[in-house]
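1. Give me coordinates for this.
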Amino acid sequence: MDKTAAQHAMGLWLPKLKTYLGLDTWNIDLELNNRIEAAGECELQNYAYRCAVITVNHDNIQDHTTLFHTLRHELLHILLAQFVQTETMVAECVAGKSLDLINLSFTDSTELAITNIEFLLNRIDLDFSKSLIRMAEGVRND
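-> As a prediction, the model looks like this:
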């Protein structure tokens, strides 16, 4: 996807999605970087101060719909940030093979929770999502 179009769309969507998901208190920076392997990544920089960075690889994004779902997916990682904070605290108490298993368990559990939330959102917020996607594509919502 074109970098300028991706920046425009994400800038348009971020405030609305933050409100929709209850993340208004978070300071979230958006970055485009085609050097990451995934479509998107979320880095919690400071849980106490509610700071995060979402990085999107625009070269791995085909269209506005995929970009929207990628951004929403990464925002859901922030929604579940308390689990990452718990994982960090547990990791400080555990070492070795047990730590690897705990990290894997937290990662798998978080991704499964996000997948379940996405499934729910896809069923209940179809008009909201389509409206935001059309807005970014420059289509009127009459």
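2. List the contacts of Asn33.
-> For Asn33, the contact set (C-beta atoms under 8 Å, 6 or more residues apart in numbering) comprises Thr55, Val56, Asn57. Quick note: C-beta positions are derived from backbone N, CA and C, even for glycine.
3. which phi and psi does it have?
-> phi -150, psi 110 (degrees, to the nearest 10).
4. Give me the pLDDT for it.
-> Here the pLDDT value assigned to Asn33 is 93.
5. Which residue ranges of the chain form strands?
-> 27-32, 40-46, 51-56 (DSSP state E).
6. Need the winner for burial among these.
-> Of the strands of the chain, the one with the most neighbours on average (mean count of other C-beta atoms under 10 Å) is strand 51-56, at a mean of 20.
7. could you give the angle of that one to strand 40-46?
-> Interaxial angle, strand 51-56 versus strand 40-46 (axes from the mean of the first three to the mean of the last three C-alpha atoms, to 10 degrees): 170 degrees.
8. Spit out the contact partners of the closest residue to Cys51 other than its chain neighbours.
-> With sequence-adjacent residues excluded and distances taken as C-beta to C-beta, 6 or more residues apart in numbering, Cys51 is closest to Gln45, at 4.4 Å. Listed by C-beta under 8 Å, 6+ apart, the contact set of Gln45 reads Cys51, Ala52, Val53.
9. run the last query once more with 10 Å
-> Taking C-beta atoms under 10 Å, 6 or more residues apart in numbering as the contact definition, Gln45 lies against Asn27, Ile28, Asp29, Cys51, Ala52, Val53.
10. Let's have those in TSV, adding distance to Glu74.
-> Compiled in TSV, the contacts of Gln45 are given as follows (distance: C-beta to C-beta, whole Å):
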residue	distance to Glu74
Asn27	15
Ile28	9
Asp29	12
Cys51	14
Ala52	9
Val53	10
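11. Fine by me, we can end here.
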